[in-house]
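Student: Give me coordinates for this.
(4 chains)
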There are 2 protein chains.
Amino acid sequence: MDLILIDDDLLVTTALKTILEADPELHVLASGCSGKDAVALYERLQPDVLLMDIRMKDVDGLTAAQAILAKDPNARILLLTTFSDDEYIVKALKIGACGYLLKQDYSHLIPAIKAVYTGQTVFGTEITERLPLLLRGTQKPNLIEYQISEKELAIIKGVADGLSNREIAEALYLSEGTVRNYLSTILAKLELRDRTQLAVFYLTRC
Amino acid sequence: MDLILIDDDLLVTTALKTILEADPELHVLASGCSGKDAVALYERLQPDVLLMDIRMKDVDGLTAAQAILAKDPNARILLLTTFSDDEYIVKALKIGACGYLLKQDYSHLIPAIKAVYTGQTVFGTEITERLPLLLRGTQKPNLIEYQISEKELAIIKGVADGLSNREIAEALYLSEGTVRNYLSTILAKLELRDRTQLAVFYLTRC
DNA sequence: CACAGCAGGTGACAAATGTCATTTGATTTT
DNA sequence: AAAATCAAATGACATTTGTCACCTGCTGTG
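Tutor: All right, here's what the predicted structure looks like:
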């Protein structure tokens, strides 16, 4: 199984190389230190799996991954990162990366690589924990920061369901005017302008 | 690494058992044929990984997985299925299963199990392909069915960004009235009532 | 007790939204 | 050339929406 390693810290790539080459099935064809390297090396060497850091100087890992996947949709790219940043995770999934691991658990790296090689997708523990949240619909996640009450949350959900004020009022046994008042304060708290922005906010962030 | 297999087809569990035991690291502690078996066996034997079919007679795999995870949040459960059903995928992720594979690729099963054992999450190829779609945000997928034109799509995206009609008009070099007209026909085509429903529709279905 | 705080409500108002009929100019079709 | 088609616009209209000021009980706390 042929690999390429990309990380802008030379220490990391060399360390990884020794760890990985301890497994007889794995061969590190080359390593690079930038997104540009990644694209060039991938095209030239056609590895089975590409291991790449996300944060890098010139071209970041995500962009490089996107470029590579555009040319070869079957490319197997495993992204590494130090911190689990929700935004990165979603982007990585969208562009079609085959995995997303935290750098810490090097011990867990080898089975992940082998799974990716067979075409499967792998996520590290910390990412796994966040996944259910990213898939919307659970409960009050980052809304807590905004001091949103239970009733307000219920109204937000109504809006995010596409209900009118009247319908929300009926559902919650309130008057339409009250729903409007609530909505007004919700919008102020969240610094949004209208119900549509609220729905978008809720569906994308919660 | 100790495993438990659950499938309501005895043929499958026995076949799986022989395949898996070929690997010296894997031991099958027991196998069962129902969700109830799964819960009981898991509690008694505390396996490292539980392999379970989703569709089963009495208690289905998802419910059983949920029950097990409620008692032991660290349980490693790998779900198997014959068809990739979007709804199942999302549910599985939400309840915190560690993996979701199609039954076909038995050859790929072993690396997946090992990755799951280390706490990572694994998805089969077909699921991987669907994931970006489930995470919304690409382009015109099922909108095509509704005969939505390019310009209409641009307006829909504007709405889904939380823009007002005036803002959309400015962005597209149209008059506000025109935007309203477009929006009106879009809503009619999609059988929706207002822009908020449209935003919800777009963000959840596209 | 008085007073503040809070959940819920009312009424009024401006702005935004959605609908519809109708017009204009350009392009295509016959 | 006449007719049909279409993108874009307009104006009028009823609704919905968001805001604001203010009222009404109820509850707790000094």
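
Student: Next one: A:Tyr117 from DNA strand C, what distance?
Tutor: Distance of A:Tyr117 to DNA strand C, given as C-beta to the nearest atom of the strand, to the nearest Å: 49 Å. (Each C-beta comes from the backbone N, C-alpha and C, glycine too.)

Student: Likewise for A:Ala188?
Tutor: 14 Å.

Student: That residue: helix or strand, and which one exactly?
Tutor: Using DSSP states H and E, A:Ala188 sits in helix A:176-190.

Student: Just confirm yes or no for that helix near chain B.
Tutor: No - shown here: helix A:176-190 not in contact with chain B (C-beta under 8 Å from any C-beta of the partner chain), separated by at least 11.4 Å.

Student: Counting by contacts, list what the helix or strand following that helix packs against.
Tutor: For helix A:176-190, the succeeding helix or strand toward the C-terminus, using DSSP H and E, is helix A:195-205. On a contact count with 3 or more C-beta pairs under 8 Å, 6 or more residues apart in numbering or on different chains; DSSP states H and E, helix A:195-205 meets helix A:150-160, helix A:176-190, helix B:195-205.

Student: again, 10 Å this time
Tutor: If you count contacts as 3 or more C-beta pairs under 10 Å, 6 or more residues apart in numbering or on different chains; DSSP states H and E, helix A:195-205 packs onto helix A:150-160, helix A:176-190, helix B:150-160, helix B:195-205.

Student: what angle do it and helix B:195-205 make?
Tutor: Relative orientation of helix A:195-205 versus helix B:195-205 (axes from the mean of the first three to the mean of the last three C-alpha atoms, to 10 degrees): 10 degrees.

Student: Tell me the buried residues in helix A:195-205?
Tutor: A:Arg195, A:Thr196, A:Gln197, A:Leu198, A:Ala199, A:Val200, A:Phe201, A:Tyr202, A:Leu203 (16 or more other C-beta atoms under 10 Å in any protein chain shown).

Student: Would you confirm that the last one contacts B:Ala199?
Tutor: Right, the one you point to is A:Leu203. Yes - with contacts counted by C-beta atoms under 10 Å, A:Leu203 reaches B:Ala199, the gap being 7.8 Å.

Student: a markdown table for the helices and strands packed on helix A:195-205, including mean pLDDT?
Tutor: Output for the helices and strands packed on helix A:195-205, formatted as a markdown table (pLDDT from 0 to 100):
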| stretch | mean pLDDT |
| --- | --- |
| helix A:150-160 | 90 |
| helix A:176-190 | 92 |
| helix B:150-160 | 89 |
| helix B:195-205 | 89 |
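
Student: helices and strands around whichever helix or strand A:Ile4 is part of, which ones?
Tutor: Counting by DSSP H and E, the element that carries A:Ile4 is strand A:2-6. Applying 3+ C-beta pairs under 10 Å, 6+ apart, we find strand A:2-6 packed against helix A:10-21, strand A:27-32, helix A:35-45, strand A:49-53, helix A:61-71, strand A:77-81, helix A:109-117.

Student: and for A:Leu203 and B:Ala199, which residues touch both?
Tutor: Overlap of the contact sets of A:Leu203 and B:Ala199 (by C-beta atoms under 10 Å, 6 or more residues apart in numbering or on different chains) consists of A:Ala160, B:Ala160.

Student: Next, work out how far apart the closest residue to DNA strand C within chain A and B:Thr13 are.
Tutor: Closest approach between chain A and DNA strand C, counting by C-beta to the nearest atom of the strand: A:Gly177, at 2.8 Å. Distance from A:Gly177 to B:Thr13, counting by C-beta to C-beta, to the nearest Å: 61 Å.

Student: neighbour count winner among those two?
Tutor: More neighbours surround B:Thr13 than the other of A:Gly177 and B:Thr13, with 20 against 10 (other C-beta atoms under 10 Å in any protein chain shown).

Student: just to revisit the earlier point, for DNA strand D, find the nearest of the helices and strands packed on helix A:195-205.
Tutor: The minimum distance between DNA strand D and the helices and strands packed on helix A:195-205 falls on helix A:176-190, with 3.4 Å, by C-beta to the nearest atom of the strand.

Student: C-alpha coordinates for the closest one, PDB please?
Tutor: Provided in PDB are the C-alpha atoms of helix A:176-190 (Å, rounded to 0.1, in the frame of the first residue of the first chain):
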ATOM      1  CA  GLU A 176     -50.300  35.400  17.600                       C
ATOM      2  CA  GLY A 177     -49.100  38.700  19.000                       C
ATOM      3  CA  THR A 178     -47.200  37.000  21.700                       C
ATOM      4  CA  VAL A 179     -45.400  34.800  19.200                       C
ATOM      5  CA  ARG A 180     -44.500  38.000  17.300                       C
ATOM      6  CA  ASN A 181     -43.100  39.500  20.500                       C
ATOM      7  CA  TYR A 182     -41.100  36.500  21.200                       C
ATOM      8  CA  LEU A 183     -39.800  36.400  17.700                       C
ATOM      9  CA  SER A 184     -38.800  40.000  17.900                       C
ATOM     10  CA  THR A 185     -36.700  39.500  21.000                       C
ATOM     11  CA  ILE A 186     -35.200  36.300  19.500                       C
ATOM     12  CA  LEU A 187     -34.100  38.200  16.400                       C
ATOM     13  CA  ALA A 188     -32.600  40.900  18.500                       C
ATOM     14  CA  LYS A 189     -30.700  38.400  20.600                       C
ATOM     15  CA  LEU A 190     -29.300  36.600  17.600                       C
END
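
Student: That one: which residues count as buried?
Tutor: If you call a residue buried by 16+ other C-beta under 10 Å, then helix A:176-190 has these buried ones: A:Thr178, A:Val179, A:Tyr182, A:Leu183, A:Ile186, A:Leu187, A:Leu190.

Student: which residues touch the nearest residue to the third one once chain neighbours are set aside?
Tutor: Across the structure, with C-beta to C-beta, 6 or more residues apart in numbering or on different chains as the measure, the residue nearest A:Tyr182 apart from its sequence neighbours is A:Ile155 (5.1 Å). In this structure, A:Ile155 makes contact with A:148-149, A:163, A:165, A:168-169, A:171-172, A:174, A:178-180, A:182-183, A:185-186, A:195, A:198, judged by C-beta under 10 Å, 6+ apart.
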